[in-house]
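Chemist: What follows is a predicted protein model with its sequence.
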Amino acid sequence: MFRQSLLVAVLIFSSFVLNAQTTISLRLDPNGADAAVDDWYPNGNYPNETDYCSGTWTINGTQVSWRSFLKFDLSMIPPGSIVNSAHLSLYYANPNSFNDQHQSLTSSNESVLQRVLDPWQENLVAWNNQPNVTSIDQVILPQSTSGTQDYTNMDVSAMVQEMVNSGNYGFGLRQVNEMPYGRMIFASGDHPDTNQRPLLIVNFTPQLTCLNLKLDKEGEDATVDDYNPANNNPNEIEYFCGGWTINGFPVRWRNFFKFDLSQIPQGAVIQSAALSLYFAPNNNFFATDTSLTSSNQSIIRRVITPWTETTINWNNQPNTSNLNQVFLPQTTSGTQNFPNMDVSGMVQDMINNPGVSDGFMLKMANEIPYGRMIFASGDNPDTTLLPTLDICYYTLPTSIPTLETSSFEVFPNPSTSDIYIRWNPMASYRGLEILNPLGELIADFDVTGLSSFSVNAGSWAKGIYFIRLGDQPVQRICIQ
């Protein structure tokens, strides 16, 4: 695999196997929000300064203090998330508008980073209308030990957590004592050297939401059979899953049921989904599970075309997909329950592809007489036996902000089939990688000697994907 180093101005998803921790790396750029203020021109607005000055000096004998405000876009962190860590890096600005370095000439340049409490706009903020800040969880930048010192990986976890909880108005930076002559000079988001711009790396765990869904008489489920293929049976109190005979004729029964998943947002990551089906003692067949002459092993599949319980029959039954299907092994007793069957893959497919997802289908695997399973339906009078679906999911960001300009193009965007990647013929790259919405590598290609490449995305699930070319910042592509 042709893995290259990744510039840290992109959104990267980590593995969700354990706890769905996600890491985002954000670097301020000219489109971001930052500004400098000073009391020399207390109504002056400086939204495009290439550096932050945290310090106090004199101009024509008059004492002047400089402060700075900066804000990162945290909108991709869902409300309720737990911030595991957040680290801010500020870099000495070379060059800078002061033509100077960090100084502690007659006063310490020790500075403080604080959380801003009020809204502000970079094209309006000035010394006289600067927002309030709080000293709670503030971070001290100790007096510099060199004139070009970087302050990297400062722990701002507590402040970022509060921004997620209570509103994000960014950081304020100022000298602690604001006495001449001391100052620090850092690159702003407008600095020409992109590697010197402020960098914030946040690792967070999205809030886990869990639902308990139960089918009842108001829900949709139905049984179909090929003995009366045009009959509609929406009110059966059981699911008969099997193959038997009626008057010597082989008959097959299948069952369709669906839960209301509308409250789960598109783009959610399913942490777990467990389906429970229970044997129905009260059933119209007066029967139990059996594998009389044929195994009653059964299958649950995702339905991929629409149906309604009042119109479905054997002749018009919807199509299904065997992707992520789940097998119910042959029963070991006549009254066996199947609780907590793992249908996470199917439910994730339903969330990813709501337009081609319409519940579950239950059928016996071979549909040969004589075998059957019998479960309570949503219409069963014993409400303790109704089908249930327990789902836990994370709500995650589905997009990535454009934080730096990559030297390659991706088009069309969005796309439904082929995507094209093009870059400067003078540039030399070796590896091109495609990552899925979870940041997992799904394909990589050797593009040595090329200046363009195409990928067919027609079979990809809808959503946001990431394309990485060599060491360039990742670009996103939306597949519709």
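Modeler: Yep, that arrived.
Chemist: next one: stretch 369-387 to chain centre, how far?
Modeler: Remark: stretch 369-387 is offset 37 Å from the chain centroid, using CA atoms, centre = their mean, to the nearest Å.
Chemist: for stretch 432-451, that is, sorry about that
Modeler: Worked out by CA atoms, centre = their mean, stretch 432-451 lies 20 Å from the chain centre.
Chemist: which regions of the stretch 251-400 of the chain sit below the pLDDT cut-off?
Modeler: Counting by pLDDT under 70, the ranges of the stretch 251-400 of the chain that qualify are 396-400.
Chemist: ok, which stretches of it are strands?
Modeler: Using DSSP state E, counting those that start in this stretch, the strands of the stretch 251-400 of the chain run over 269-277, 290-291, 298-303, 320-328, 338-342, 360-364, 371-376, 388-394.
Chemist: now for these, which one comes closest to T148?
Modeler: Of all the strands of the stretch 251-400 of the chain, strand 388-394 sits nearest to T148, with 42.0 Å by CB to CB. (C-beta placed from N, C-alpha, C; glycine too.)
Chemist: mind listing what's buried in the closest one?
Modeler: Buried positions in strand 388-394, judged by neighbour count with 16 or more other CB atoms under 10 Å: 388-391, 393-394.
Chemist: Now do that strand: which elements does it pack against?
Modeler: Judged by 3 or more CB pairs under 8 Å, 6 or more residues apart in numbering; DSSP states H and E, the packing partners of strand 388-394 are strand 208-214, strand 269-277, helix 344-352.
Chemist: can I get the strands of the stretch 251-400 of the chain in a markdown table with distance to D155?
Modeler: Conversion of the strands of the stretch 251-400 of the chain to a markdown table gives the following (distance: least, CB to CB, whole Å):
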| stretch | distance to D155 |
| --- | --- |
| strand 269-277 | 28 |
| strand 290-291 | 62 |
| strand 298-303 | 45 |
| strand 320-328 | 41 |
| strand 338-342 | 39 |
| strand 360-364 | 47 |
| strand 371-376 | 54 |
| strand 388-394 | 25 |
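Chemist: Single out the most deeply packed of the ones you listed.
Modeler: Among the strands of the stretch 251-400 of the chain, ranked by average contacts under mean count of other CB atoms under 10 Å, first place goes to strand 371-376 (a mean of 26).
Chemist: could I have that strand exported to PDB, CA atoms only?
Modeler: In PDB, the C-alpha atoms belonging to strand 371-376 read as follows (Å, rounded to 0.1, in the frame of the first residue of the first chain):
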ATOM      1  CA  GLY A 371     -39.600 -27.600   8.700                       C
ATOM      2  CA  ARG A 372     -40.800 -24.500  10.400                       C
ATOM      3  CA  MET A 373     -40.200 -21.800  12.900                       C
ATOM      4  CA  ILE A 374     -43.000 -19.900  14.600                       C
ATOM      5  CA  PHE A 375     -42.600 -16.400  16.100                       C
ATOM      6  CA  ALA A 376     -44.900 -13.900  17.600                       C
END
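Chemist: which stretch among the strands of the stretch 251-400 of the chain comes nearest S111?
Modeler: Among these, strand 388-394 comes nearest to S111, with 37.1 Å by CB to CB.
Chemist: Adjacent strands (with direction) for that closest one?
Modeler: According to DSSP bridges, strand 388-394 has the following sheet partners: strand 208-214 (antiparallel), strand 269-277 (antiparallel).
Chemist: For the nearest residue to R372 once chain neighbours are set aside, give its distance to R197.
Modeler: Closest residue to R372 apart from its sequence neighbours, by CB to CB, 6 or more residues apart in numbering: G242 at 2.9 Å. Here the criterion is CB to CB, to the nearest Å. By it, G242 lies 66 Å from R197.
Chemist: and what of V326?
Modeler: For V326 relative to R197 (CB to CB), the value is 49 Å.
Chemist: Please apply the same query to D349.
Modeler: D349 sits 40 Å away from R197, going by CB to CB.
Chemist: More neighbours: which of these two?
Modeler: Legend: neighbour count by other CB atoms under 10 Å for D349 and R197, higher for R197 (28 against 20).
Chemist: Touching, the more buried one and G189? I think so.
Modeler: Yes - the criterion here is CB atoms under 8 Å, and R197 meets it with G189 at 5.3 Å.
Chemist: and for the two, which residues touch both?
Modeler: Residues touching both R197 and G189 (CB atoms under 8 Å, 6 or more residues apart in numbering): 27-29.
Chemist: ends of stretch 345-361, how far apart?
Modeler: End-to-end distance for stretch 345-361, by CA to CA, to the nearest Å: 15 Å.
Chemist: How about that stretch, which residues are buried there?
Modeler: 346-353, 356-361.
Chemist: between these, which is closest to W120?
Modeler: Nearest to W120 among those is I351, at 37.7 Å by CB to CB.
Chemist: In this model L261 seems to touch that closest one, though I could be wrong.
Modeler: Yes - judged on CB under 8 Å, I351 makes contact with L261 at a distance of 6.9 Å.
Chemist: residues contacting N322?
Modeler: The contact partners of N322, taken as CB under 8 Å, 6+ apart, are R301.
Chemist: One more: T106?
Modeler: 179-182.
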